[in-house]
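Q: What follows is a predicted structure for the sequence shown.
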Amino acid sequence: MERLTISLDNRLSKQFDDLTHARGYTNRSEAMRDLIREKLETERIKEGNEGHCVATLTYIYNHHENDLATRIASAQHAHHDLILSSMHVHMDHKNCLEVAILRGSILSVRNFADLVMATRGVRHGKLHMVPVEITQAQHSPTASSHIHSNPLT
């Protein structure tokens, strides 16, 4: 492990300590590592559509709106190769929250998320992507192969 030393003015240092404490970090180093990972992930995703990611897509919709639930389900079925899992929560008598866990190319995941979030009646859509390296794994000659998703940071 490499050691880095940084200098911060007193005000910035206090704000950082307050943030790390509020988020439950026990030391500055782990908080700083997470900030660096977040920045690296953000920049990788901004750079373009190349590579792969795992992601969560969250959104809220009114299931009473004209065929909206059916349209969302159709979009999910059309992109079943991206969806690892999904969860559906009934928030009240009208509103549903869905969370989809996705894995695929950055471009495909982004396009699917845009399709869902742009669907009329979907509100509060948010996509969070983490760049990964996808590898095929087979642990023994008799075991079936499967995919590993290794975060790049």
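A: That came in fine, so what should we check first?

Q: longest strand of this structure?
A: The residue-count maximum for a strand in the chain (DSSP state E) belongs to strand 122-137.

Q: packing partners for that strand?
A: helix 28-47, strand 52-62, helix 106-117, strand 146-151 (3 or more CB pairs under 8 Å, 6 or more residues apart in numbering; DSSP states H and E). Every residue, glycine included, has its C-beta placed from N, CA and C.

Q: Show residues contacting that strand.
A: Contacts to strand 122-137, defined as CB atoms under 8 Å, 6 or more residues apart in numbering, come from residues 41, 44-45, 51-61, 68, 72, 103, 106, 109-110, 113, 116-117, 145-153.

Q: And the helix or strand of the chain with the lowest mean pLDDT, what does it pack against?
A: The least trusted helix or strand in the chain, going by mean pLDDT, DSSP states H and E, turns out to be helix 28-47, with a mean of 84. For helix 28-47, the packing partners by 3+ CB pairs under 8 Å, 6+ apart come out as helix 10-22, strand 122-137.

Q: The ones you listed: which one's closest to residue 30?
A: For the helices and strands packed on helix 28-47, distance to residue 30 was read as CB to CB. The smallest value, 8.2 Å, belongs to helix 10-22.

Q: just to revisit the earlier point, and the angle for the least confident helix or strand of the chain with helix 10-22?
A: Helix 28-47 and helix 10-22 are oriented at 90 degrees to each other (axes from the mean of the first three to the mean of the last three CA atoms, to 10 degrees).

Q: List the buried residues of helix 28-47.
A: Within helix 28-47, the residues that count as buried by 16 or more other CB atoms under 10 Å are 31, 41, 44, 45.

Q: quick one: low-confidence ranges for the protein?
A: 47-48, 138 (pLDDT under 70).
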